[in-house]
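Chemist: Generate coordinates for the sequence data below:
(4 chains, ligands or ions: 6)
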Amino acid sequence: MKNFKTIILSNQELSPGYYRMRILAPGFGAMARPGQFIMFRSRMSHPSLLRRPFGIFRIGHLPPDCEGQPPKEYLEILYKVVGRGTSVMQELHQGDRVEVLGPLGRGFDAGQPGEEKILVGGGIGLVPLYMLAEELMRTSPVRLLMGGRTRDDILAVTEFERLGVKTYVSTDDGSLGEEGFVTEALVRALENSPAATVYACGPMPMIEAVYQICASRGVGLQVSLEALMACGVGACLGCVVKGAGHSDQTPRYLCTCKEGPVFRAEQLDWSRLGEENGYCEGCKS
Amino acid sequence: MKNFKTIILSNQELSPGYYRMRILAPGFGAMARPGQFIMFRSRMSHPSLLRRPFGIFRIGHLPPDCEGQPPKEYLEILYKVVGRGTSVMQELHQGDRVEVLGPLGRGFDAGQPGEEKILVGGGIGLVPLYMLAEELMRTSPVRLLMGGRTRDDILAVTEFERLGVKTYVSTDDGSLGEEGFVTEALVRALENSPAATVYACGPMPMIEAVYQICASRGVGLQVSLEALMACGVGACLGCVVKGAGHSDQTPRYLCTCKEGPVFRAEQLDWSRLGEENGYCEGCKS
Amino acid sequence: MMDSRKKRPSLAVEIAGIKMKNPVMPASGTFGYGEEYAGYLDLEGLGAIVTKGLSLKPKAGNPTPRIAETTSGMLNAIGLQNVGIDGFIEYKLPFLREVNTPVIINFFGNTLEEYGEVAQRLSDIPEIAGVELNISCPNVKQGGIVFGTDPVCAHEVVAHVRKYLKKPLIAKLTPNVTDIAVVARAVEEAGADAISCINTITGMAVDVRTRRPRLANRTGGLSGPAIRPIAVRMVHQVVQAVKVPVIGIGGIVEAADALEFLIVGASAVQVGTANFVDPSAMADIIAGLEKFLVEEGIEDIRELIGSLEL
Amino acid sequence: MMDSRKKRPSLAVEIAGIKMKNPVMPASGTFGYGEEYAGYLDLEGLGAIVTKGLSLKPKAGNPTPRIAETTSGMLNAIGLQNVGIDGFIEYKLPFLREVNTPVIINFFGNTLEEYGEVAQRLSDIPEIAGVELNISCPNVKQGGIVFGTDPVCAHEVVAHVRKYLKKPLIAKLTPNVTDIAVVARAVEEAGADAISCINTITGMAVDVRTRRPRLANRTGGLSGPAIRPIAVRMVHQVVQAVKVPVIGIGGIVEAADALEFLIVGASAVQVGTANFVDPSAMADIIAGLEKFLVEEGIEDIRELIGSLEL
Ligand SMILES: Cc1cc2nc3c(=O)[nH]c(=O)nc-3n(C[C@H](O)[C@H](O)[C@H](O)COP(=O)(O)OP(=O)(O)OC[C@H]3O[C@@H](n4cnc5c(N)ncnc54)[C@H](O)[C@@H]3O)c2cc1C
Ligand SMILES: Cc1cc2nc3c(=O)[nH]c(=O)nc-3n(C[C@H](O)[C@H](O)[C@H](O)COP(=O)(O)OP(=O)(O)OC[C@H]3O[C@@H](n4cnc5c(N)ncnc54)[C@H](O)[C@@H]3O)c2cc1C
Ligand SMILES: Cc1cc2nc3c(=O)[nH]c(=O)nc-3n(C[C@H](O)[C@H](O)[C@H](O)COP(=O)(O)O)c2cc1C
Ligand SMILES: Cc1cc2nc3c(=O)[nH]c(=O)nc-3n(C[C@H](O)[C@H](O)[C@H](O)COP(=O)(O)O)c2cc1C
Ligand code: FES
Ligand code: FES
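Modeler: Ligands and ions are numbered 1, 2, ... in the order given. Sure, this is the predicted structure:
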């Protein structure tokens, strides 16, 4: 059940340009770890050739229906409409047939119980942090620092709060929470609890800033990266990032899909990470 | 309003493998002539590159809604699921965005008022005959001879009956109406009214048989042909059929999209028509 | 700089002395003789009109089936059916004469002499702004060899036409070659004022039930979005090989596609198969180009041409 | 005749002495070293396993971005990243040894000598059923020229490898040539036991906002359904030019696509990009081939090979 055909249960706009899709996925929760992802495509028609990678936001169950059937398990993705593939996704309906490959990749490492965990999410980068928060909350205090350009980019924060996560919101334009970058909130947070572990996912400039902050303070960091992906399973070698110690003579490439998407900061070569993985069509974020 | 973006009002299965799609099309009826067609594509995603040609089955109006708005005009197509394009069409929903190019081509010529008109439809070839029947019924007695392999291929006959058209059904397997080919029904019909004009649309072997029957009796015939089409407007020259008098020295190609799809039998070179226009992937019908 | 965003950017380009309102024109054979699309878009909004390929005498073309759809592409083996020069002058030119847009005639011959003869005939028609020489059609075999696949033959035919032609001459190249830059240099040297590329790529499709080729002609030319990356690469190569302006063709469907060609160095583009899919495609592309320029704060589209950053 | 429909048709084929359960195998570079897909389909159900291209020493490959999606295709410039022969033997071979399916090693060299050296090393590995010689990768430049684009160079490298290789030799051709039949005849003469084609077609895509090529390597190889009609045409040409068996590659996604290649004369097929899109693609294709044979009442898939009706 790693490559399965299924259907959409719902597909709703969450905030302008962001959608939540529920996909029927019996047995999926037993396999999925926080930080893993899926490769998705619609079966009805393929606007694009390749599947699209999306983080697993949450696993849930539909309430049992009247006939006393067992509750239906689903997986949830949150996605931002950015290009051709996601534009078509937003027009999919309940019942439409889709294909899911996953769960894929290496997820987050829960780290030391008890020690504070700080989750840093930028925009849609929030996605993989929810299942992580669910897991961490069992053993550790968890804080979420959530950033976005405007209030529209701040997603699902109340769902984290419902888990008991302390959440702090900042927006570039101050339209929700504090005005400023989420990294400023991180600096403050680390002043209070310097022994925390940080988990970050978001746009590359944010990830790089988080890395600088953590590295200079000796704070443990795990990041979830995005990369252009064709296969999602380590076969095409399209999604590589440079690993620590990489040089032209001794190349150390890591597959984001298989060895990631979550990496401990020490695994990576940070020297030109942002520059070389800035693949987004004209995306300056 | 010949190339317009619109939405689907409904898309329902009519009989196994056959669908009826209603497309919002204000003002379309004033332009469309019986026998014309449209080039269709979904705007949401293009399973195929090229648009698909479909005959215009009917123009109708939705009852005005409670706010006293004028009734909404729509066009209706009936289609058979045969390949990739039509497979995706069957999964489209109400509200989905589509593009329509049309009405296109030359339609039927109504002929002499009063004289009997015999419409011969084979399977989905029935489509262009409905609007024709509507028009002819104003001035002439009209008979419909409808044929198909099985009862599932006999479509919308009651709708013709509601117009007052006398309908005769035959199926190859006798599962509805008379057992046998529709051409046998035509032979009988012409015995009774030899002065009629015949209008035919259906699979090529049927069209050829109808031509033989009419030609040998000197009965006027108009046929609606299908051809592989790229543009639908006479620009690509992909859809040509050989016209009467065609030879390699004096080629007389006619565009099915522009000079057709309806032709008077005299316009065509019948010598190898069926053979050369038998383009269907493995379709032996 | 700030002000530039307010006034409308300039889309005008000039190719081989032909002044165009914008760099967008139809690809030969996909727009008939212009008239076919008159009801769907404003022909005077186009950079130029390029006709279906003409030959000295009318040509019947190939038997059917002549087209086959493939994934994101189509194969065609129309066989260059056309009305011939006289037919064009009699039936098609009167319409085009009334349209205030430069008309470019695409043409071909079956022999060197015929190429020259057509060139001479076309020179005498004042309404024609320029000609595009098709030396690249994969459907027409000339003793088995296609002029445009060999640099020597390509040079010969262009030089011959050049001798007889008193109009701007655009040589249209075939992509079915190992190194398109070599052919491009040959036709430049032979006197072409501009180069357009690419023509279709030879392809084939089979009906697996009947086991017959899906085209009566067996093979045909592949066009459409499927070939765009190949076309962009070849235009990039040609631009670096020659000094004359290059017209980019191949799989353009929307403004972003046209921009790819302009950025790698094409001075203008032609839109082919996309016209079939959407008769208003070129109007949308022109509007999209203008929008892009405004968004990027570019005053003149010529600033974009060849702006590729390596 | 009626009975034949009841028993299961035979899908088995033999290429250059390599016996395969069916004619379907992965295309090099799209299936890792087999292990990556073990969880998604039964490797023992495949006709053969073809590995990622190996070189003498490990190779780092190109900088990122290495892939770009295009319409119904993708560009790649992985740059032949691989673990090298020693790495292969140490880390990858142990897994493949346990799989009851012939293993074909795809390989390449940077010089003639290196090609020979790799051939010699591979000859000593008993678990290898055959090798596929990549003379066609458009990403690796050898003083600017690609072996496979020139019949003389292609002959030279194949003849050289032949001298050192004690295994069945499949030569893999590049489509970036004017006449693929000429190259096919050259490699056949040089001693290739089979020919596989096509490799990717060189293409390019541009990010119109940044104005930079979408691949760090600027150009890359186009693969996927977009190129299928071109591949079918070339396989058709090659089949007619040579006597050795031909393996068809290019844009195969489903059984009908594979059938096109078999019908024009390929003795087997390779599936590339489709594996990325759907890891079970090859299993579905094999099932689809069997279903087709049953429906058509064909007992042995070899009856279908080259059954094109002209
Ligand atoms: C491991 C992983 C997890 C992800 N999780 C999420 C998520 O939970 N929610 C979400 O909205 N997005 C997520 N993304 C990004 C998402 O995959 C892209 O936004 C999406 O592929 C864009 O597709 P498109 O067709 O709309 O865009 P286009 O720009 O039209 O796509 C063109 C090509 O670029 C690729 N691409 C574009 N943007 C990205 C990107 N940021 N990362 C990777 N490939 C990209 C596409 O896959 C495609 O190949 C994730 C990416 C990765 C690698
Ligand atoms: C003027 C005209 C009117 C038509 N009216 C109707 C109608 O009212 N209802 C209906 O169900 N069908 C009609 N058809 C046939 C319809 O266009 C095809 O069934 C449809 O295009 C098949 O598309 P596909 O993608 O499902 O099939 P595929 O077989 O996957 O299509 C492959 C290619 O073949 C073409 N094609 C396949 N079958 C036909 C065909 N019979 N005629 C023309 N092109 C074909 C497709 O357009 C496409 O280019 C009409 C065709 C023409 C030319
Ligand atoms: C149906 C059809 C007919 C064509 N006829 C001609 C022609 O007469 N002369 C010519 O030079 N090119 C001809 N072409 C090639 C196109 O002008 C163009 O080079 C090619 O289609 C690639 O562009 P596209 O991908 O935008 O279609 C034809 C193409 C098609 C699809
Ligand atoms: C990501 C990727 C990597 C490839 N690597 C190799 C390689 O190492 N050696 C080789 O001979 N071909 C390589 N190819 C080419 C494929 O084997 C195949 O010839 C080509 O992709 C066309 O087939 P397709 O359209 O089914 O993908 C590669 C293709 C892709 C997409
Ligand atoms: S996406 Fe193919 S190796 Fe990672
Ligand atoms: S479909 Fe293009 S000319 Fe008729």
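Chemist: Now the stretch 51-200 of chain A against ligand 4: closest residue?
Modeler: With Cβ to the nearest ligand atom as the measure, A:R51 is the residue of the stretch 51-200 of chain A nearest to ligand 4, at 14.6 Å. Quick note: C-beta positions are derived from backbone N, CA and C, even for glycine.
Chemist: Which residue, neighbours along the chain excluded, lies closest to that residue?
Modeler: Once its chain neighbours are removed from consideration, A:R51 has its nearest residue in A:M39; the separation is 3.8 Å (Cβ to Cβ, 6 or more residues apart in numbering or on different chains).
Chemist: helix, strand or coil for that neighbour?
Modeler: The assignment at A:M39 comes out as strand when based on DSSP: H, G, I helix; E, B strand; the rest coil.
Chemist: Could I get the contacting residues of residue 52?
Modeler: By default, I'm working from chain A. If you count contacts by Cβ atoms under 8 Å, 6 or more residues apart in numbering or on different chains, A:R52 has them with A:39-41, A:85-86, A:89.
Chemist: My question was about chain C, not that one.
Modeler: For C:K52, the contacting residues are B:237, C:28-29, C:31-33, C:82, C:106, taking Cβ under 8 Å, 6+ apart as the criterion.
Chemist: out of these, which are inside strands?
Modeler: When the contacts of C:K52 are checked against strands using DSSP state E, the ones located there are C:N106.
Chemist: Please convert the contacts of C:K52 to a markdown table, extending it with distance to B:V157, pLDDT and neighbour count.
Modeler: Formatted as a markdown table, the contacts of C:K52 follow (distance: Cβ to Cβ, whole Å; pLDDT from 0 to 100; neighbours: other Cβ atoms under 10 Å in any protein chain shown):
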| residue | distance to B:V157 | pLDDT | neighbour count |
| --- | --- | --- | --- |
| B:L237 | 37 | 95 | 24 |
| C:S28 | 47 | 97 | 26 |
| C:G29 | 43 | 96 | 27 |
| C:F31 | 42 | 97 | 29 |
| C:G32 | 40 | 94 | 23 |
| C:Y33 | 44 | 94 | 23 |
| C:N82 | 45 | 90 | 26 |
| C:N106 | 50 | 96 | 23 |
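Chemist: Turn the contacts of C:K52 into CSV, including distance to C:L310.
Modeler: Rendered in CSV, the data for these read as follows (distance: Cβ to Cβ, whole Å):
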residue, distance to C:L310
B:L237, 41
C:S28, 32
C:G29, 34
C:F31, 34
C:G32, 39
C:Y33, 41
C:N82, 41
C:N106, 33
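Chemist: ok, back up a step: give me the neighbour count for the residue nearest to A:R51.
Modeler: The local packing count at A:M39 equals 25, with neighbours defined by other Cβ atoms under 10 Å in any protein chain shown.
Chemist: check contacts around it.
Modeler: Taking Cβ under 8 Å, 6+ apart as the definition, contacts of A:M39 comprise A:51-53, A:100-102, A:104, A:229, A:232.
Chemist: Among the residues you listed, which one has the most neighbours?
Modeler: In terms of neighbours by other Cβ under 10 Å, the contacts of A:M39 top out with A:G232 at 27 neighbours.
Chemist: and it, which of the three is it?
Modeler: Under three-state DSSP, A:G232 falls in the coil class.
Chemist: partners of the residue lying closest to it once chain neighbours are set aside in the sheet?
Modeler: With Cβ to Cβ, 6+ apart as the criterion, A:G232 has its nearest non-adjacent residue at 4.2 Å, and that residue is A:M39. A:M39 forms beta bridges with A:P53, A:L101, as assigned by DSSP bridges.
Chemist: again, but for C:M74
Modeler: With beta bridges defined as DSSP bridges, C:M74 has these partners: C:E69, C:S223.
Chemist: Could you report the pLDDT at it?
Modeler: The per-residue pLDDT reported for C:M74 equals 97.
Chemist: C:V244 versus the residue of the stretch 51-200 of chain A closest to ligand 4, what's the distance?
Modeler: For A:R51, the distance to C:V244 equals 43 Å [Cβ to Cβ, to the nearest Å].
Chemist: which is the next helix or strand following the top strand by length along chain A?
Modeler: Using DSSP E to define each element, chain A has its longest strand at strand A:3-15. On the C-terminal side of strand A:3-15, the closest following helix or strand by DSSP states H and E is strand A:18-24.
Chemist: That following strand vs ligand 1: in contact?
Modeler: No: using Cβ under 6 Å from any ligand atom, we find that strand A:18-24 stays clear of ligand 1, coming within 7.6 Å at best.
Chemist: re earlier: now the longest strand of chain A: mean pLDDT?
Modeler: When pLDDT is averaged along strand A:3-15, the result is 95.
Chemist: Could you name the helices and strands sitting against it?
Modeler: Under the contact criterion of 3 or more Cβ pairs under 8 Å, 6 or more residues apart in numbering or on different chains; DSSP states H and E, strand A:3-15 touches strand A:18-24, strand A:72-80, strand A:97-104.
Chemist: In the sheet, which strands lie alongside the second one, parallel or antiparallel?
Modeler: Translated: strand A:72-80. As defined by DSSP bridges, the strand partners of strand A:72-80 come to strand A:18-24 (antiparallel), strand A:58-62 (antiparallel).
Chemist: Can you mark which positions in it are buried?
Modeler: Judged by neighbour count (16 or more other Cβ atoms under 10 Å in any protein chain shown), strand A:72-80 contains these buried residues: A:72-80.
Chemist: quick one: contacts for the residue of the stretch 151-300 of chain C found nearest ligand 4?
Modeler: Among all residues of the stretch 151-300 of chain C, C:A226 sits closest to ligand 4, at 11.5 Å; criterion: Cβ to the nearest ligand atom. Contacts here follow Cβ under 8 Å, 6+ apart; on that basis C:A226 touches C:70-73, C:251, D:71-73, D:225-227.
Chemist: distance of the closest residue in space to A:K258 that isn't next to it in sequence from D:A281?
Modeler: With Cβ to Cβ, 6+ apart as the criterion, A:K258 has its nearest non-adjacent residue at 3.6 Å, and that residue is A:G234. Here the criterion is Cβ to Cβ. By it, A:G234 lies 17 Å from D:A281.
Chemist: All set, thanks.
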